[in-house]
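[1] Quick check, what structure comes out for this input:
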Amino acid sequence: MRGRDPRPARPGRGTGPANHLEPGDVGLGQRGGAITLRCGVAQPGPSDQCQSIANPDGTSVDWITAETSTGWTFVTYGRDPAIEVRVPRALGEGQPTVALVDVAPAVLDVRATTTCTG
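    Numbering: from 1, shown residues only. Below is the predicted model:
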């Protein structure tokens, strides 16, 4: 009898072994409905989809935002390495940026070299 694989799957990509998180990925939530964070993605260029998300402590992080049929993808802007956060539609309805405030303390450890406005 096969046991359940304890590694979380990437949201929206099935449940097979090829869909597990890779080194550098973090999954928060349940299979099929997890928010994922990935460090070291390609740095995005300037975009009109850049927005600064304020944190309760007065700091902010700039993110490039993309909405798809399955949810939202946010990539830090102006930080090296860039960090990607994916929020599935089921968890982000109404306010998908809430997850960005939750991960901000870790993201702020990566120094900003530029901002959305230059």
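
[2] Quick check: mean pLDDT of stretch 52-72?
    Mean pLDDT, stretch 52-72: 93.

[3] typo on my end, stretch 92-103
    pLDDT averaged over stretch 92-103 gives 85.

[4] nearest spatial neighbour of the spatially most central residue of the chain, skipping sequence neighbours?
    In the chain, the centroid-proximal residue (CA atoms, centre = their mean) is residue 85; its distance is 0.3 Å. Counting by CB to CB, 6 or more residues apart in numbering, residue 74 is the residue found nearest to residue 85 once chain neighbours are left out, at 4.7 Å. Glycine gets a C-beta too; all of them are placed from N, C-alpha and C.

[5] tell me what the strand or helix carrying that neighbour is packed against?
    Assigned by DSSP states H and E, residue 74 belongs to strand 71-76. Secondary-structure packing of strand 71-76 (3 or more CB pairs under 8 Å, 6 or more residues apart in numbering; DSSP states H and E): strand 60-67, strand 82-88, helix 89-92.

[6] just the angle between that strand and strand 60-67, please?
    Strand 71-76 runs at 140 degrees relative to strand 60-67, counting by axes from the mean of the first three to the mean of the last three CA atoms, to 10 degrees.

[7] which of the helices and strands packed on strand 71-76 sits most buried?
    strand 82-88 (a mean of 22; mean count of other CB atoms under 10 Å).

[8] gap between it and the chain center?
    Per CA atoms, centre = their mean, to the nearest Å, the displacement of strand 82-88 from the mean C-alpha position of its chain is 1 Å.

[9] List of residues touching that strand?
    11-12, 32-44, 63, 70-76, 96, 99-100, 103, 107, 110 (CB atoms under 8 Å, 6 or more residues apart in numbering).

[10] redo that, cut-off 6 Å
    With contacts defined as CB atoms under 6 Å, 6 or more residues apart in numbering, strand 82-88 is touched by 11, 33, 35-39, 41, 43, 71-76, 96, 99, 107.
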